[in-house]
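Colleague: Below is the structure, and that's it, no one-letter string:
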């Protein structure tokens with residue numbers, strides 16, 4: 001394993017490549033990455049990249065976003081099968097008809113969607129900036145929000161808007177068991193529950209803090225509490241524990257009885273250190289976006305990045 005890491009670092013230097021990794025990636029991948037972050041941070045970092053090759057250790061829509069921001073650079077994804085249940089819940093042909101059936105609406109899409117969906121959007125957001133992006137639209141203008149109904153519902157509550165929500169969701173964030181969470185909290189009564197806004201409303205109602213992955217990390221760093229139950233994909237615990245080595249972090253339990261007693265994204269875990277190495281050696285699989293789609297999809301992303309400065 002250590003030899004593989006050394007080879008990846010060597011190849012990165014030889015090929016002038018940069019590795020961008022999401023918080024949900026395996027720890028060994030995070031260790032060789034140049035930048036680890038959430039969707040907003042990764043988008044901002046991708047915009048600043050000067051390397052010739054971007055290896056995106058994440059899922060397909062993230063690599064696509066990096067390609068949209070860097071059309072002339074080679075963008076690689078270790079495993080092309082690393083998709084996203086939330087992105088899959090919003091097929092472009094059906095969503096196009098939905099948008100056409102609701103004219104005069106501003107279309108805001110969560111970054112967890114395909115380039116084709118972004119091309120049908122006026123604005124893109126992440127869980128870090130969703131409230132800010134929604135508030136940038138005048139209150140008298142109706143909004144379609146897609147694809148995540150749970151994030152949309154949470155933002156409706158925060159802003160007082162009545163956005164029209166697409167019926168999509170993330171299987172990882174809908175896997176948490178309320179009964180098990182309550183039982184776990186009884187075992188750890190001093191633990192603060194923190195949750196990602198993609199979680200279902202009954203989970204969010206239990207949370208002391210609701211925020212993006214980077215927001216959750218910041219919260220545990222700043223909080224005087226020493227114990228937390230974390231309701232998001234369990235991969236975040238690696239970076240979070242690095243930031244707060246003296247605090248106790250407990251993954252929120254999933255409905256399914258599994259070995260980790262947590263919720264993990266099978267798509268995120270498709271990327272491995274070996275696949276990352278092979279990806280750098282062979283410079284494949286490469287992400288491409290049709291020009292007609294890319295020209296439209298980049299516009300709402302750039303609007304988001306501008307509003308997020």
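Modeller: Structure received. Since the structure is predicted, the reported quantities are computational estimates derived from the model, not experimental observations. Numbering: from 1, shown residues only.
Colleague: Can you verify residue 90 is assigned to a strand?
Modeller: No - assessed with DSSP: H, G, I helix; E, B strand; the rest coil, residue 90 is coil; it does not lie in a strand.
Colleague: My guess is it contacts residue 147. True?
Modeller: Yes - using CB atoms under 8 Å, residue 90 makes contact with residue 147 at a distance of 3.6 Å. Backbone N, C-alpha and C define where each C-beta goes, glycine included.
Colleague: Common neighbours of these two, please.
Modeller: 113, 117, 166, 168 (CB atoms under 8 Å, 6 or more residues apart in numbering).
Colleague: Name only those of those that count as buried.
Modeller: Listed as buried from the shared contacts of residue 90 and residue 147 are 113, 117, 166, 168; burial here means 16 or more other CB atoms under 10 Å.
Colleague: Serialize these to TSV and add fields for secondary structure, pLDDT and distance to residue 277.
Modeller: As requested, these are exported to TSV (DSSP: H, G, I helix; E, B strand; the rest coil; pLDDT from 0 to 100; distance: CB to CB, whole Å):
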residue	secondary structure	pLDDT	distance to residue 277
113	coil	96	30
117	helix	98	32
166	coil	98	38
168	strand	95	34
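Colleague: What strand or helix carries residue 156?
Modeller: Element membership of residue 156 [criterion: DSSP states H and E] is helix 149-159.
Colleague: One more: residue 185?
Modeller: helix 178-187.
Colleague: neighbouring contacts of that helix?
Modeller: 191, 193, 202, 203, 206, 229, 231, 250, 252, 253, 254, 255.
Colleague: out of the residues you listed, which is most surrounded?
Modeller: When neighbours are taken as other CB atoms under 10 Å, the top entry among the contacts of helix 178-187 is residue 252 (30 neighbours).
Colleague: I figured that residue hits residue 195, correct?
Modeller: Yes - counting by CB under 8 Å, residue 252 touches residue 195, with 7.4 Å between them.
Colleague: which neighbours do those two share?
Modeller: By the contact definition CB under 8 Å, 6+ apart, residue 252 and residue 195 are jointly contacted by 203, 231, 232.
Colleague: could those be laid out in a markdown table, adding pLDDT, distance to residue 98 and secondary structure?
Modeller: Formatted as a markdown table, those follow (pLDDT from 0 to 100; distance: CB to CB, whole Å; DSSP: H, G, I helix; E, B strand; the rest coil):
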| residue | pLDDT | distance to residue 98 | secondary structure |
| --- | --- | --- | --- |
| 203 | 96 | 27 | helix |
| 231 | 96 | 29 | strand |
| 232 | 94 | 28 | coil |
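Colleague: for those, which one is nearest residue 133?
Modeller: residue 232 (20.4 Å; CB to CB).
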